[in-house]
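Engineer: what follows is a predicted structure for the sequence shown.
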Amino acid sequence: MTQLGTAVVEQIVQVYGPSEFLTRLSDPFWFQALGCVMGMDWHSSGITTSVMGALKRGLNPRFSELGFAICGGRGRHSVRTPDELREFSSRTGLNGDELACTSRLTARVDNNAIADGFQLYLHSFVIHKSGEWSVVQQGMNPESHLARRYHWHSTSVRDFVSDPHTAILGQPQGTILNLVDARAAGAQQALLTIAHEPVESSLQEARQLVMPSHHDVRPADVDLKRLGAVLAVAHEKELRDFASLLLVEDLGPRTLQSLALIAEVVHGAPCRFSDPARFSFAHGGKDGHPFPVPLKTYDESLNVLRRSLDAARLGQTEKVEGFRRLDQLTRAIEETRQPLADFSAAIAHERNISDSLDGRTVFDDVRFLKKKPVGVQLSLFPE
């Protein structure tokens, strides 16, 4: 996960610049899709901890090349954030005390100014040497054991006490007192004058991403037309040959399927991530849903990404640009042909080939599928 996540970030920075990565990190739909591509449980709150931990391990040692540092983390790691930011600032000339103050302020806003029943247990402060930053935080409700994620981006913060978030992700659970809602200015003033009578309001959400409790991926969780376009590019010979040509690689269908979804994570517009579960069809999920993580495909996908980045450093951008063209091809197929994936057949096919791709889950060190299904329909599209 560390290697794949880092390679995806490198692709984004290579093509769009460091600011675009911070922008995407502050989008909860894109963040969830990235976690799925990396092989995490598609619906799990654990995506937050695992993705941020993997990116911290991958990006921090590459600071001299990429310019990013990820400070903080889960539990005891979060309290180290101010010291890590001051250390970062000593290398960049930024104001470390000011950044430490910003870190504490974002945590206090989400823990105290939003009375939603969630207590923070993860605080990740992602900063570029330019001074631009993004914050990803997660809280847990001690009664329901559900999580809520809070996203910030420095370019969107005009006032820390007036709609400072880019998004807050979590299932609605009753009335919320949000004292940083722009409509709560009166309540803020009342608090300052000790005559406090807070305004009750619901959190403003432009888009709502509610992750279900079921572990399996279901047809309703996925845009079948978009998935159908990916499967068509990967599994129809004529399209597959053309897609391989775009990437300047001789690739099999399973790797192309993964790379088409990775290409969308790198190049897709925000509206493309409304169904993050679809991205679990890149590398499965560590809990076995929708299928075990195919380690051979995972490694091959990573190798293609690394080769493209290595070539780009030498001035050969054909492979990096190939990912953009692959994303454009997939979207063109979606728009012109509108293929609809046969969801059940696609999952059956993945489980049928799992052994051959070294499929694994967190539950064991041996193959997840001991016995291949009999009579599986390998067509990935309905008649």
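Structural biologist: Noted; the coordinates are in hand. Numbering: from 1, shown residues only.

Engineer: quick one: the helices in the stretch 251-383 of the chain?
Structural biologist: For the stretch 251-383 of the chain, applying DSSP state H, counting those that start in this stretch gives helices covering 253-267, 280-283, 295-313, 318-336, 343-352.

Engineer: hmm, who's touching the second one?
Structural biologist: Put plainly, it is helix 280-283. The list of residues contacting helix 280-283 from outside it, by Cβ atoms under 8 Å, 6 or more residues apart in numbering, reads 36-39, 42, 217, 222, 227, 230, 257-258, 261-262, 289-290, 293-294, 297-298, 301, 346, 350. No exception for glycine: its C-beta is placed from N, CA and C like everyone else's.

Engineer: quick revisit: and G131, which of the helices of the stretch 251-383 of the chain is closest to it?
Structural biologist: helix 253-267 (24.4 Å; Cβ to Cβ).

Engineer: helices or strands up against the closest one?
Structural biologist: Here helix 253-267 touches helix 2-16, helix 28-37, helix 224-235, helix 237-246, helix 280-283, helix 295-313, helix 318-336, going by 3 or more Cβ pairs under 8 Å, 6 or more residues apart in numbering; DSSP states H and E.

Engineer: just to revisit the earlier point, deepest in the core, which of the helices of the stretch 251-383 of the chain is it.
Structural biologist: Per residue and on average, the most neighbours among the helices of the stretch 251-383 of the chain fall to helix 280-283, with a mean of 27 (mean count of other Cβ atoms under 10 Å).

Engineer: CA atoms only: put it into PDB for me.
Structural biologist: Only the C-alpha atoms of helix 280-283 are listed here, as PDB (Å, rounded to 0.1, in the frame of the first residue of the first chain):
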ATOM      1  CA  SER A 280     -12.300  -2.000  -5.200                       C
ATOM      2  CA  PHE A 281     -12.400  -3.800  -8.600                       C
ATOM      3  CA  ALA A 282      -8.800  -2.600  -9.100                       C
ATOM      4  CA  HIS A 283      -7.200  -4.800  -6.400                       C
END
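
Engineer: gap between it and the chain center?
Structural biologist: Computed by Cα atoms, centre = their mean, to the nearest Å, the chain-centroid distance of helix 280-283 equals 13 Å.

Engineer: if we can go back for a sec, got CSV for the helices of the stretch 251-383 of the chain, with distance to Q137 and mean pLDDT too?
Structural biologist: As requested, the helices of the stretch 251-383 of the chain are exported to CSV (distance: least, Cβ to Cβ, whole Å; pLDDT from 0 to 100):
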stretch, distance to Q137, mean pLDDT
helix 253-267, 22, 97
helix 280-283, 24, 97
helix 295-313, 29, 96
helix 318-336, 30, 95
helix 343-352, 34, 96
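
Engineer: want to throw those into a markdown table with distance to I47?
Structural biologist: A markdown table is the format used below for those (distance: least, Cβ to Cβ, whole Å):
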| stretch | distance to I47 |
| --- | --- |
| helix 253-267 | 14 |
| helix 280-283 | 11 |
| helix 295-313 | 17 |
| helix 318-336 | 22 |
| helix 343-352 | 20 |
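
Engineer: mind checking these for the one nearest to R360?
Structural biologist: R360 lies closest to helix 295-313 among the helices of the stretch 251-383 of the chain, at 5.7 Å (Cβ to Cβ).

Engineer: out of the helices of the stretch 251-383 of the chain, nearest to G117?
Structural biologist: Per Cβ to Cβ, nearest to G117 of the helices of the stretch 251-383 of the chain: helix 280-283, 29.1 Å.

Engineer: what's the burial count for E236?
Structural biologist: 18 (other Cβ atoms under 10 Å).

Engineer: for the helix or strand hosting L122, name the packing helices and strands.
Structural biologist: In this structure, L122 is located in strand 119-128 according to DSSP states H and E. Strand 119-128 is packed against helix 18-25, helix 46-59, strand 68-74, helix 81-92, helix 96-108, strand 133-140, with contacts defined by 3+ Cβ pairs under 8 Å, 6+ apart.

Engineer: which other residues reach it?
Structural biologist: Residues contacting strand 119-128 (Cβ under 8 Å, 6+ apart): 18-19, 22, 25, 48-49, 52, 55-56, 67-75, 78, 81, 84-85, 88, 99, 103, 106-107, 110-111, 133-142.
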